[in-house]
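Participant: Sequence plus the predicted model coming up.
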Amino acid sequence: MHSNNHVTHYLDDTFLQVVLLLPLVLVLFLYLLAVSLLKFRKKTWPLNRTFFFVLAICCAVAAVSGPLAVRAHQDFTAHMLSHLLLGMLAPLLMVLAAPMTIILRTLNVNAARRLVTFLKKRYFLFLSDPVVASLINVGGLWVLYTSDLYMAMHKHTLVYVAVHLHVFLGGYVFTSALVNIDPIPHRRSFIYRGIVMVAALAGHGILSKYIYAHPPAGVPADQAESGSLLMYYGGDVIDLILVVIFCYQWYKENSPIGKPLRAKTEA
């Protein structure tokens, strides 16, 4: 079991929290700046998307700083709550905020075209594939909780930062690959995405049950049980939101109204 001395040292490290907070504050500033630019140009932007983005940043901030982050180093249940906020809820809310769309609307035509061309590179197309995104997201969690990585993240600053960045970015890539709010090249079919989503959500649920029976190194059995239950049922709530949005998009695209709109868009 890892010692509380190590945990306390890193929790009191102000620099560590600043490193995790800076990117979040920066992207929030850039998003609000983009909204302001659109307003200045007399262009509209949905208020609910701005709300989703601000709420996403708030969830991520709560997960990496403040009382919850402090508690997460000592209590696996608190750690799992942090995981739900940082790796599931914040990415889902950020995807709903359509950050790529607002970037494209803010840039001039030439810059927007260059960005679209850049995002069409094979690397990004590879990452946006639902199977790859699922392996990055859910597969990364399996590695975290079934190896010594969980203990290592509490002992080494770089590992701690890397794990948190991976959890957030992995959750975002996974969610955006399944729920296409922003325009993406070579969008996969709903059937393909649906099959991958079911498998990924099942993998997440199986992992929570595995943690219940096989706690990560250094985690007491009672904390592993409560943490895994939170991961299972809390994850189900967020997964349900994801499934509802996915099914709504599927229905909308295949409805009598959605088909002509799609054909007009692709023309």
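Facilitator: Looks like it came in fine.
Participant: list the helices and strands the helix or strand residue 240 falls within packs on?
Facilitator: If you go by DSSP states H and E, residue 240 is part of helix 221-254. In terms of contacts (3 or more C-beta pairs under 8 Å, 6 or more residues apart in numbering; DSSP states H and E), helix 221-254 is packed against helix 76-84, helix 90-96, helix 157-178, helix 190-213, helix 258-266. Backbone N, C-alpha and C define where each C-beta goes, glycine included.
Participant: Buried residues, the third one. List them.
Facilitator: Applying a neighbour-count criterion of 16 or more other C-beta atoms under 10 Å, the buried positions in helix 157-178 are 160, 163-164, 166-178.
Participant: before we move on, the earlier item: nearest to residue 20 among the helices and strands packed on helix 221-254 would be which one?
Facilitator: Smallest distance to residue 20 across the helices and strands packed on helix 221-254 (C-beta to C-beta): 6.1 Å, for helix 157-178.
Participant: angle of that closest one against helix 221-254?
Facilitator: 30 degrees (axes from the mean of the first three to the mean of the last three C-alpha atoms, to 10 degrees).
Participant: elements contacting helix 157-178?
Facilitator: For helix 157-178, the packing partners by 3+ C-beta pairs under 8 Å, 6+ apart come out as helix 14-40, helix 47-64, helix 90-96, helix 130-134, helix 140-146, helix 149-153, helix 190-213, helix 221-254.
Participant: re the thing from before, to be precise, which single item in the buried residues of helix 157-178 has the lowest pLDDT?
Facilitator: Ranked by pLDDT, the buried residues of helix 157-178 bottom out at residue 160 (89).
Participant: And residue 131, how far from residue 122?
Facilitator: 15 Å (C-beta to C-beta, to the nearest Å).
Participant: So which of these two has more stuff around it?
Facilitator: residue 131 (15 against 7; other C-beta atoms under 10 Å).
Participant: Report the contact partners of that one.
Facilitator: Residues in contact with residue 131, defined by C-beta atoms under 8 Å, 6 or more residues apart in numbering, are residue 196.
Participant: can you start the count at 400 instead of 1 from here on
Facilitator: Happy to do that; since the first residue is 400 now, the last one works out to residue 530.
Participant: now, of the helices and strands packed on helix 556-577, which is deepest in the fold?
Facilitator: With neighbours defined as mean count of other C-beta atoms under 10 Å, those peak in mean count at helix 489-495, which reaches a mean of 25.
Participant: roughly how far is that one from the heart of the chain?
Facilitator: Offset of helix 489-495 from its chain centre (C-alpha atoms, centre = their mean, to the nearest Å): 7 Å.
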